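>>> have a look; sequence and predicted model below, questions after that.
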Amino acid sequence: MRRLTTALALTFPAMACAQDGPVEQGAANADFQPAFEAQTRAPALDGPEVEVTTFADGLVHPWGIARLPDGGYLVTERPGRLRTVGEDGTLSDPIAGVPDVDNRSQGGLLDVAVAPDFAESREVYLTYAKRVEGGTMTAAAKGSLSEDGTTLQGVTDIFVQQPPSGNPMHYGSRIVFGADEETVWITTGEHFSRADRQLAQDLDTTYGKVVRLTAEDGTPPDDNPFVDEDALDAIWSYGHRNIQGAAVHPESGNLWTIEHGPAGGDELNRPEAGLNYGWPVISYGINYSGSEVGSGDAVQEGMEQPVYYWDPVIAPGGMIWYEGDLFPEWQGDLLIGGLVASAVVRLEVDIDAARVTGEERIAEGIGRVRDVVEAPDGSVLTLIDAPDGTIKRLSPAS
């Protein structure tokens, strides 16, 4: 059993910037004009000072975190370990029964979620990179956590991406419960290569898609948009690149996602049933080589515009809608992990209009933030993705 190493608390001052200018972020990679006002570089928000402390350490590339209803958290490590973290930061030994993972490149054990009725069912959901004959793919599995918290029992896959890819990149992948508490959304990537990325537009594959399934056994619900169509029943939306953040709005029940762009073009979307979000035909970014993506356009008829985009990228991780009382200024806002931004990115959102009205970078320099979760007291825990990974707590500065 590991315990947290007490660390000196660091205070990150609030941004000293005016409301009428954007967050300082450097020059854009691409020369696109936004399709509407504040689609990018929204006005900078002032926020409270935050204090950052180490909540837990001793993790290796932590990727996903989920709060347990009876206290503590489940945390994944990309090499293939699932652990519990106590309310005091105590780190458990690895939990047995986790599926074998393809821990190459961007693969491994990825997201974790607990069933809404976990207190009774003990059901845990995982996403992971699964290696099979012919390549690798995103998969999602469910199992039951033993009463003593040491073993995941009865683990079965509820989703396996098809077809296998030879490239261990761009897996997605988040899993979140719908507001009905009976369905799950699973986000996928398109495995990065020039050939594989084209499959984000292919309705016969689950590359670059949001997938919606019943949580019980992974069957597609009857009200999915492509049921009885010439397409896979599981698909909810398509034309995505690599979705590594997803959250359901607590009031509307709508799904929001955030995905990695290439050089520029990270996107915040509110995916709607059956719609095409454009990748790799349109993008607000360019290829890493400097060449154009797809058509070279950022707008095309029949393809949806992102609610918001970044250029240069923040490299988004997980995200949440903040509901706590500890930071009243953040209530109702999106908090997004930023890998390249090395910060938590806060977005103020007009939910009715689906428009971003302000942006803040919180605790810049904290490290590669892979996921975020709200603690019971309203503080925010951030997973720092590194070989010597940690969980950092964000609290109001005293």
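Here it is on my side, so go on. Because the structure is predicted, anything quoted here is derived from the model rather than measured.
>>> now do the contacts for V313.
Applying CB atoms under 8 Å, 6 or more residues apart in numbering to V313 gives the contacts H260, G261, A263, G264, G265, D266, G285, V340. All C-beta spots, glycine's among them, are computed from the backbone N, C-alpha and C.
>>> among those residues, who's most crowded?
Within the contacts of V313, most neighbours by other CB atoms under 10 Å means D266, with 31 neighbours.
>>> right, and it touches G317 too?
No. Between D266 and G317 there is no contact under CB atoms under 8 Å: 11.1 Å.
>>> check what pLDDT the closest residue to G166 other than its chain neighbours gets.
Nearest residue to G166 in three dimensions, chain neighbours excluded: G135, at 4.8 Å (CB to CB, 6 or more residues apart in numbering). The per-residue pLDDT reported for G135 equals 97.
>>> my guess is G135 contacts P164. True?
Yes. Look at G135 against P164 with CB under 8 Å: they come within range, at 3.3 Å.
>>> distance of the spatially closest residue to D350 that is not a sequence neighbour from D371?
Nearest residue to D350 in three dimensions, chain neighbours excluded: T357, at 5.4 Å (CB to CB, 6+ apart). Going from T357 to D371 by CB to CB, to the nearest Å gives 25 Å.
>>> and what of V176?
Taken as CB to CB, the span from V176 to D371 is 12 Å.
>>> who's more crowded, these two?
Legend: neighbour count by other CB under 10 Å for V176 and D371, higher for D371 (28 against 20).
>>> ok, what's across the strand from that one?
Beta-bridge partners of D371, counted by DSSP bridges, are L383.
>>> right, and the residue nearest to D350 touches E37 too?
No. T357 is beyond contact range of E37, at 10.1 Å (criterion: CB under 8 Å).
>>> quick one, which of these two is more surrounded?
T357 (14 against 8).
>>> which residues touch that one?
Shown in contact with T357 (CB under 8 Å, 6+ apart): A38, A42, P43, E348, V349, D350.
>>> and the fifth one, which of the three is it?
The three-state assignment at V349 reads strand, by DSSP: H, G, I helix; E, B strand; the rest coil.
>>> ok, now which ones touch it?
V349 touches V307, G332, D333, L334, R355, V356, T357, counting by CB under 8 Å, 6+ apart.
>>> same deal with the fourth one?
Taking CB under 8 Å, 6+ apart, we find E348 in contact with A42, L45, G332, D333, V356, T357, G358, E359.
>>> how near is it to I336?
From E348 across to I336, the span is 12 Å (CB to CB).
>>> and S165, how many neighbours?
With other CB under 10 Å as criterion, S165 counts 25.
>>> what's the answer for A353, then?
A353 has 9 nearby residues by other CB under 10 Å.
>>> and it, how far from R122?
41 Å.
>>> for Y207, same thing?
32 Å.
>>> for R81, which non-adjacent residue is closest in space?
Per CB to CB, 6+ apart, closest to R81 is P94, 4.3 Å.
>>> ugh, wrong one, I meant T187
I243 is the one closest to T187 (CB to CB, 6+ apart), at 3.5 Å.
>>> V60 versus that neighbour, what's the distance?
According to CB to CB, I243 and V60 sit 24 Å apart.
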